[in-house]
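Enquirer: how would this look folded up:
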Amino acid sequence: MKTFLIGPVRGKAGDFLEGQVKTLVANGFSVYWPARDTDQNDDTGFRICSDNLGAIKSADCVHIYWDGQSQGSLFDLGMAFALGKPVHVVHLPECTGGKSFQAMVKHWELA
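Expert: As a prediction, this is how the structure comes out:
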């Protein structure tokens, strides 16, 4: 099974996400991780988003680690939503109650 691991490319999450890649592989997934698999050399980010779209299209599902700040993660997650990909939550900020982005993603995970 192929998965696309959505998460921030910069910041503190790198070591955690590297561990997640190992865990997912140990559980039988082939993992596309943009921090490792997408060339991040891009003046505008357009090609990065296009490359990620292709990888999300070919994935069976996505796993999401969202730190509450990464706009790129939200963009990738929006593409996965539009493509109807199943989502598995690795980490989200705590839900604030009621209607929230986190609540929507949790609902999507159960759908």
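
Enquirer: quick one: L53 from H63, how far?
Expert: 17 Å (C-beta to C-beta, to the nearest Å). (C-beta placed from N, C-alpha, C; glycine too.)

Enquirer: Ignore what I typed, I meant V31.
Expert: 8 Å.

Enquirer: neighbour-wise, which of the two wins?
Expert: H63 (25 against 21; other C-beta atoms under 10 Å).

Enquirer: Would you mind giving the secondary structure of the more buried one?
Expert: strand (DSSP: H, G, I helix; E, B strand; the rest coil).

Enquirer: Quick check, it in contact with V21.
Expert: No - with contact defined as C-beta atoms under 8 Å, H63 does not count as touching V21 (9.6 Å).

Enquirer: Do a quick rundown of the strands in the chain.
Expert: For the chain, the strands defined by DSSP state E cover 2-6, 30-32, 61-65, 87-91.

Enquirer: Contacts only, for Q102.
Expert: L92, P93, E94, C95, T96 (C-beta atoms under 8 Å, 6 or more residues apart in numbering).

Enquirer: again, 6 Å this time
Expert: L92, C95 (C-beta atoms under 6 Å, 6 or more residues apart in numbering).

Enquirer: do K85 as well
Expert: Applying C-beta under 6 Å, 6+ apart, the residues near K85 are C61, V62.

Enquirer: go again using 7 Å as the cut-off
Expert: By C-beta atoms under 7 Å, 6 or more residues apart in numbering, the residues touching K85 are I56, A59, C61, V62.

Enquirer: what about it, distance to Q40?
Expert: 22 Å.

Enquirer: Could you do L77 as well?
Expert: 18 Å.

Enquirer: which one of the two has more residues nearby?
Expert: Legend: neighbour count by other C-beta under 10 Å for L77 and Q40, higher for L77 (22 against 13).

Enquirer: How much space separates F75 from L53?
Expert: Distance from F75 to L53, by C-beta to C-beta: 10 Å.

Enquirer: Over to A103?
Expert: 26 Å.
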